[in-house]
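**Q** Sequence below, structure please.
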Amino acid sequence: MNAPVRVSELLALGDIHDFEECVGHHVWFFTEGWIDLQTAVDNLWRLGERWLLVEELGADRVQQMIAQPFAIARGSA
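**A** A predicted model of the protein is given here:
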């Protein structure tokens, strides 16, 4: 029988620099038309939560880290 692994505590798998790199990749995926904006932002938000960045930096800071590069890419910064 295969049962899901239960983890008692969350572990941060990446740091702020890794997250910024992932944001850059998602911006590129978006500008190339591989993913839409909503998918990119949702993926990055989940990643920020999983890596405990939302908890450590706050939601506003993580949202800013996501929004600013997309605004620049869309020419609305």
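**Q** residue ranges of the helices in the protein, please?
**A** Per DSSP state H, the chain carries helices over the ranges 16-31, 37-50, 53-57, 59-74.
**Q** out of those helices, which comes closest to A3?
**A** Closest approach to A3 among these (Cβ to Cβ): helix 37-50, 21.2 Å. C-beta here means a position set from N, CA and C on the backbone, and glycine is covered the same way.
**Q** could you give the angle of the closest one to helix 16-31?
**A** Relative orientation of helix 37-50 versus helix 16-31 (axes from the mean of the first three to the mean of the last three Cα atoms, to 10 degrees): 170 degrees.
**Q** and P4, which of the helices of the chain is closest to it?
**A** The closest approach between P4 and any of the helices of the chain, judged by Cβ to Cβ, belongs to helix 37-50 at 15.9 Å.
**Q** For that closest one, which helices and strands make contact with it?
**A** Applying 3 or more Cβ pairs under 8 Å, 6 or more residues apart in numbering; DSSP states H and E, we find helix 37-50 packed against helix 16-31, helix 53-57, helix 59-74.
**Q** Quick one: low-confidence residue ranges for the chain.
**A** 1, 5-12, 77 (pLDDT under 70).
**Q** Skipping its backbone neighbours, what lies nearest the most centrally placed residue in the chain in space?
**A** Closest residue to the average C-alpha location of the chain: L44 at 2.0 Å, with Cα atoms, centre = their mean. Spatially, and ignoring its direct neighbours in sequence, L44 is nearest to I66 (5.0 Å; Cβ to Cβ, 6 or more residues apart in numbering).
**Q** unless I'm mixing things up, that neighbour is touching D42, no?
**A** No - using Cβ atoms under 8 Å, I66 is not in contact with D42, being 10.0 Å away.
**Q** quick one: which of those two has more around it?
**A** I66 (23 against 13; other Cβ atoms under 10 Å).
**Q** mind checking how far the more buried one is from I72?
**A** Distance, I66 to I72, by Cβ to Cβ, to the nearest Å: 12 Å.
**Q** repeat for N43
**A** Distance of N43 to I72, given as Cβ to Cβ: 19 Å.
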